[in-house]
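Peer 1: Structural data only, the sequence is not supplied:
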């Protein structure tokens with residue numbers, strides 16, 4: 001059945017249907033609505049562009065920068081932006097960066113005007129920030145480090161990081177000023193920095209930093225010159241040279257940044273010289289030992305917070321020096337590791353390490369003016385212990401693990417063949433272990449430690465001389481050696497003090513020496529008993545006949561810097577001698593007395609002990625004739641009353657001294673804490 005057709009109601013127009021069959025209810029189509037929205041956006045942008053003031057962003061930008069730098073940053077002048085370019089630029093005037101709270105009031109930096117441009121193509125297409133232009137007019141920067149080591153350029157980080165700026169194609173610094181005050185390193189510096197391309201001649205566009213100051217109360221100057229800062233290729237190394245003078249210390253460097261404005265990657269050849277390596281602390285922050293005058297060349301490679309010091313070649317004093325070192329930042333502390341060596345070491349050059357000064361006993365020794373003054377003072381006072389203070393604060397700022405070996409040694413009369421050291425510094429605990437000096441036979445070895453954690457450093461040492469030969473250590477005579485045999489010695493001491501002299505004055509512990517067996521010139525043995533007839537005959541005939549040394553033991557107990565002889569005995573085939581006395585490290589003087597007793601009958605024997613007295617620097621050997629005054633007086637009375645022959649009766653020694661039990665003596669000394677091995681006869 002056919003359906004009736006739909007017809008419009010009378011009086012109504014027919015309603016059009018959408019082509020898609022769906023109906024749109026509203027006054028605008030989607031296309032018209034989108035166009036209206038875009039039109040409103042464009043209108044808003046136009047209106048904003050007409051009325052917008054860039055100074056409205058000064059507050060938000062200052063707040064953002066303050067949060068990033070952990071201190072107040074303020075833009076007091078105008079902020080202007082030129083955005084309609086692929087390299088938009090922004091200029092801000094009257095910028096100040098405040099000091100951190102610990103540094104007090106004031107500004108770390110002031111910039112009257114700073115312009116920065118951005119390469120939008122590089123940023124949008126490659127995701128890389130490149131600055132086409134940076135223009136700083138008359139910047140004024142103050143860098144501070146206090147005694148506690150805090151720096152105003154760390155910006156909230158535990159340790160300052162190397163400056164790493166994005167690539168800058170055109171960098172201009174117009175007559176900037178930089179000041180640096182470092183209370184810890186006693187350094188102050190004021191300089192002018194510039195890279196002004198408007199200059200005419202050699203300096204046009206080059207980076208230059210020239211200034212003067214004071215380091216350790218001595219004049220300090222620096223001149224750093226970099227390549228032109230115009231049209232820089234960010235993919236090519238940026239060259240520079242630096243010349244620094246601090247008193248008599250000089251440093252010259254020639255190198256390059258792997259990428260411009262990235263100070264975290266640097267390569268340079270370095271040449272440095274001066275009177276004392278410890279003076280480099282103000283420039284490097286490294287607690288280096290005292291040394292004689294030095295001259296060293298090396299290569300430096302920086303990668304982040306790591307420095308590799310390689311190809312080290314030079315000299316300290318008259319000793320050559322070579323090796324490699326690595327400096328790292330570990331947990332906010334500097335850590336120095338590596339190995340150094342000398343083909344030939346002049347032993348006198350090592351005296352500077354303990355604050356002393358060579359006295360010219362080794363030909364060719366070099367000393368700094370300060371070391372020469374120290375040597376003159378010690379010589380005038382007849383003293384041996386230097387007064388130079390240990391810089392404890394420097395030890396607290398770094399760690400180290402460095403080994404040293406000298407293949408040969410020039411030590412004057414001492415027969416030292418090699419020196420081996422291993423130095424470790426760990427959170428203010430300094431240890432030299434091992435400390436070894438190799439002899440033709442035997443070696444001096446042990447360790448030394450310094451604890452610098454307290455107000456006064458505490459020292460301890462344990463040194464032993466084993467399997468050495470006495471004849472190797474004594475000056476070489478024309479005839480037979482006066483004393484031959486094996487020598488063993490040891491020292492186990494502890495103390496407190498910030499210099500060698502202070503530590504010696506407070507020493508406590510044990511010092512011991514032993515000769516388990518050997519030979520002695522009979523003349524020397526007889527002199528210990530002052531056998532007038534026998535000794536005179538041996539001297540006149542130059543008899544070099546030996547007598548056995550059954551044993552010799554010297555044991556000293558140290559308290560408050562005074563070494564008192566607890567046991568002093570020499571037992572030979574003809575004489576047994578015993579002694580007493582002390583060695584005073586406080587006054588640096590000694591007073592020892594040795595009296596011998598013959599083992600056989602002696603016709604004429606003078607009971608006068610041998611003495612060793614005087615300053616440690618030059619003790620005198622003598623005979624204490626006063627002790628024999630009674631003996632001589634009795635002889636005079638007998639000669640007058642009885643007969644002339646009776647006058648020699650008091651000088652007749654019947655002998656009878658028994659052999660000492662050497663094995664028991666050595667074992668007893670070792671049992672009492674003397675650093676000796678127990679030997680058997």
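Peer 2: Here it is on my side, so go on. Remember, predicted model here, so these are calculated numbers, not experimental data.
Peer 1: Need the nearest residue in space to residue 143, chain neighbours excluded.
Peer 2: If the residues on either side of it in the chain are set aside, residue 143 comes closest to residue 180, at 4.6 Å by CB to CB, 6 or more residues apart in numbering. All C-beta atoms are positioned from the backbone trio N, CA, C, and that covers glycine.
Peer 1: tell me the secondary structure for the one you found?
Peer 2: Under DSSP: H, G, I helix; E, B strand; the rest coil, the three-state class of residue 180 is strand.
Peer 1: That one pairs with what?
Peer 2: The residues listed as beta-bridge partners of residue 180 by DSSP bridges are residue 143, residue 189.
Peer 1: Per-residue pLDDT of it, please?
Peer 2: pLDDT, residue 180: 92.
Peer 1: That one contacts residue 212, correct?
Peer 2: No: Residue 180 is not in contact with residue 212 according to CB atoms under 8 Å; the separation is 11.5 Å.
Peer 1: what is in contact with those two at once?
Peer 2: 189-190 (CB atoms under 8 Å, 6 or more residues apart in numbering).
Peer 1: Of these two, give the one with the bigger neighbour count.
Peer 2: More crowded of residue 180 and residue 212, by other CB atoms under 10 Å: residue 180, with 19 against 14.
Peer 1: Look up how far residue 148 lies from that one.
Peer 2: When distances are taken as CB to CB, to the nearest Å, residue 180 and residue 148 turn out to be 17 Å apart.
Peer 1: Residue 279 now?
Peer 2: Using CB to CB, one gets 23 Å for the distance from residue 279 to residue 148.
Peer 1: repeat for residue 409
Peer 2: Spatial separation of residue 409 from residue 148 under the definition CB to CB is 42 Å.
Peer 1: how long is stretch 448-465 end to end?
Peer 2: By CA to CA, to the nearest Å, the extent of stretch 448-465 from end to end equals 15 Å.
Peer 1: Hmm, I typed the wrong one, I wanted stretch 77-97.
Peer 2: Distance between the boundary residues of stretch 77-97 (CA to CA) amounts to 14 Å.
Peer 1: List the contacts of that stretch.
Peer 2: For stretch 77-97, the surrounding residues in contact (CB under 8 Å, 6+ apart) are 54-55, 57-58, 61, 69, 71-76, 107-121, 132-133.
Peer 1: taking those one by one, which sit in helices?
Peer 2: Using DSSP state H, the members of those that fall in helices are 58, 61, 69, 120-121.
Peer 1: For residue 500, give me phi and psi.
Peer 2: phi -60, psi -40 (degrees, to the nearest 10).
Peer 1: try the one 3 residues further on
Peer 2: Geometry field for residue 503 lists phi and psi as phi -70, psi -40, criterion degrees, to the nearest 10.
Peer 1: for it, what are its contacts?
Peer 2: Contact analysis of residue 503 by CB under 8 Å, 6+ apart lists 459, 495-497.
Peer 1: Show me the two of the ones in helices among the contacts of stretch 77-97 that sit farthest apart.
Peer 2: Taking CB to CB as the measure, these span a maximum distance of 29.2 Å, between 69 and 121.
Peer 1: Settle it for me: which of these two has more neighbours?
Peer 2: Here residue 69 and residue 121 are set side by side on neighbour count (other CB under 10 Å), and the busier one is residue 69, at 17 against 11.
Peer 1: ok, the more buried one to residue 109 distance?
Peer 2: With distances taken as CB to CB, residue 69 is found 10 Å from residue 109.
Peer 1: what do you get for residue 257?
Peer 2: Residue 257 is 22 Å from residue 109, where distance means CB to CB.
Peer 1: which residues in the stretch 101-250 of the chain form helices?
Peer 2: Using DSSP state H, counting those that start in this stretch, the helices of the stretch 101-250 of the chain run over 120-126.
Peer 1: can you list the weak-confidence ranges in it?
Peer 2: Residues of the stretch 101-250 of the chain meeting the criterion pLDDT under 70: 158-160, 196-205.
Peer 1: can I assume residue 508 is in contact with residue 556?
Peer 2: No: with the criterion set as CB under 8 Å, residue 508 and residue 556 do not qualify as a contacting pair; they are 11.4 Å apart.
Peer 1: Any idea what residue 320 is bridged to?
Peer 2: residue 315.
Peer 1: Residue 307 too?
Peer 2: Residues in a beta bridge with residue 307, per DSSP bridges, are residue 302, residue 327.
Peer 1: How many neighbouring residues does it have?
Peer 2: The burial count for residue 307: 18, using other CB under 10 Å.
Peer 1: what sits against it?
Peer 2: Shown in contact with residue 307 (CB under 8 Å, 6+ apart): 300-301, 326-328.
Peer 1: now do 10 Å
Peer 2: Residues in contact with residue 307, defined by CB atoms under 10 Å, 6 or more residues apart in numbering, are 266, 284, 300-301, 325-329, 334, 336.
Peer 1: Adding distance to residue 93 and neighbour count, write those out as TSV.
Peer 2: Listed next are the contacts of residue 307 as TSV, based on distance: CB to CB, whole Å; neighbours: other CB atoms under 10 Å:
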residue	distance to residue 93	neighbour count
266	33	20
284	38	15
300	39	17
301	40	16
325	47	18
326	45	16
327	41	21
328	42	15
329	37	16
334	40	19
336	45	20
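Peer 1: so can I have CSV of the residues you listed showing pLDDT?
Peer 2: What follows is the contacts of residue 307, written out as CSV (pLDDT from 0 to 100):
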residue, pLDDT
266, 94
284, 87
300, 96
301, 96
325, 97
326, 97
327, 95
328, 93
329, 86
334, 89
336, 95
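Peer 1: In JSON lines, list those residues along with distance to residue 192.
Peer 2: Formatted as JSON lines, those follow (distance: CB to CB, whole Å):
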{"residue": "266", "distance to residue 192": "23"}
{"residue": "284", "distance to residue 192": "24"}
{"residue": "300", "distance to residue 192": "26"}
{"residue": "301", "distance to residue 192": "30"}
{"residue": "325", "distance to residue 192": "34"}
{"residue": "326", "distance to residue 192": "35"}
{"residue": "327", "distance to residue 192": "30"}
{"residue": "328", "distance to residue 192": "34"}
{"residue": "329", "distance to residue 192": "30"}
{"residue": "334", "distance to residue 192": "30"}
{"residue": "336", "distance to residue 192": "34"}
